[in-house]
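1. predicted model follows, preceded by the sequence.
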Amino acid sequence: MQLDVFTLIPHAFAWSTEQRPVSAVLGDELDLRLFSYRDYTPLANAQVDDDPYGGGAGMVLRVDVVAAALDAAYGGVPDHRVVALTPQGRQLTQEVVEELALEERLTLLSARFEGFDERVVQHLASDAISIGPYVLSNGDLPAMVLVDAIARRLPGAINDESGAWESFSAELEGGLEYPHYTRPPEFNGWRVPDVLVSGDHGKIEAWRREQSRRRTLL
């Protein structure tokens, strides 16, 4: 997958590219490219945002700046999916992640402060996604969330079994993952459930499925 991120602070992504699962597929299954709006702005002094019409606090990322960046990278608005990261977008779910992970090319548009000029979302993006019903000061964190979530669904990012038996997976009927325990078997009087150390894999699987259902229904 070629995954392009347009941002005001490309260096913010340095940490995430050094961590698994992104690092495991970077340069192989994942071609991650970072573009700075400031490198392509047609405005003086690397200006990228402006005051909102009608007044109000905050700065708005300009539509001409985003258009210039897309034009420099693709020669215009690309044919592949362009996702604006904005609270007004559709809610990010694992189903949406699986959908995006099937794309051969994908572009993410990040903004800061008051977000995009609405014309970016309406005319330059083909999709809009929100990572949750809350407000952040920038779109780079949502972009990193998407990069990580997509990367771990690419071949070689994680163990196949890990990807099959996890929260929201088909194996768990879209539910939450069951509890996990490891050594020591007892700590401060808190014991690992007996079934997990029984060696009976049939009972273990049944217990895990039941725990998953209980967690999901809470």
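-> Yes, it's here.

2. so what touches the lengthiest helix in the chain?
-> The helix that spans the most residues within the chain, counting by DSSP state H, is helix 201-217. Helix 201-217 is contacted from outside by L172, E173, G174, G175, L176, E177, Y178, P179, P193, V195, L196, S198, using CB atoms under 8 Å, 6 or more residues apart in numbering. Using the backbone N, CA and C atoms, a C-beta is placed for each residue, glycine as well.

3. again, but for stretch 110-129
-> Counting by CB under 8 Å, 6+ apart, the neighbours of stretch 110-129 from elsewhere in the structure are 5-8, 49, 52, 56-63, 66-67, 70, 77, 81-92, 96, 109, 137-140, 142-143, 146.

4. from these, which land in strands?
-> Members of the contacts of stretch 110-129 lying in strands (criterion: DSSP state E): 5-7, 49, 60-61, 81-91, 109.

5. how near is F13 to T7?
-> Noted for F13: a distance of 7 Å to T7, by CB to CB, to the nearest Å.

6. these two - which one has more neighbours?
-> When F13 is set against T7 and neighbours are counted by other CB atoms under 10 Å, the residue ahead is T7, at 25 against 19.

7. just the pLDDT for the residue nearest to the more buried one when sequence neighbours are not counted.
-> Distances taken as CB to CB, 6 or more residues apart in numbering put S110 closest to T7, at 4.4 Å, once the chain neighbours are dropped. The confidence metric pLDDT takes the value 97 at S110.

8. counting neighbours, what do you get for S110?
-> The number of residues near S110, taken as other CB under 10 Å, comes to 28.

9. would you list the phi and psi of it?
-> Listed backbone geometry of S110 is phi -110, psi 150, with angles given as degrees, to the nearest 10.

10. A101 too?
-> According to degrees, to the nearest 10, A101 has phi -70, psi -20.

11. skip the chain neighbours and tell me the closest residue to it.
-> In space, A101 is closest to R153, 3.9 Å off (CB to CB, 6+ apart).

12. so the one you found is in contact with E95, correct?
-> No: look at R153 against E95 with CB atoms under 8 Å: they stay out of range, at 11.6 Å.

13. higher neighbour count, the two?
-> More neighbours surround R153 than the other of R153 and E95, with 19 against 10 (other CB under 10 Å).

14. any idea of the pLDDT on that one?
-> R153 is assigned a pLDDT of 94 by the prediction.

15. for L30, see how far away it is.
-> Using CB to CB, one obtains 11 Å as the distance from R153 to L30.

16. and what of R105?
-> Taking CB to CB as the measure, R105 falls 12 Å from L30.

17. report the set of residues contacting both of the two.
-> Taking CB under 8 Å, 6+ apart as the contact definition, R105 and L30 share the neighbouring residues M1, L3.

18. which helix or strand contains L106?
-> Assigned by DSSP states H and E, L106 belongs to strand 105-109.

19. would you mark the buried spots in that strand?
-> By neighbour count, and taking 16 or more other CB atoms under 10 Å as the criterion, the buried residues in strand 105-109 are L106, T107, L108, L109.

20. cool, and stretch 49-58?
-> When burial is assessed from 16+ other CB under 10 Å, stretch 49-58 yields the following buried residues: D49.
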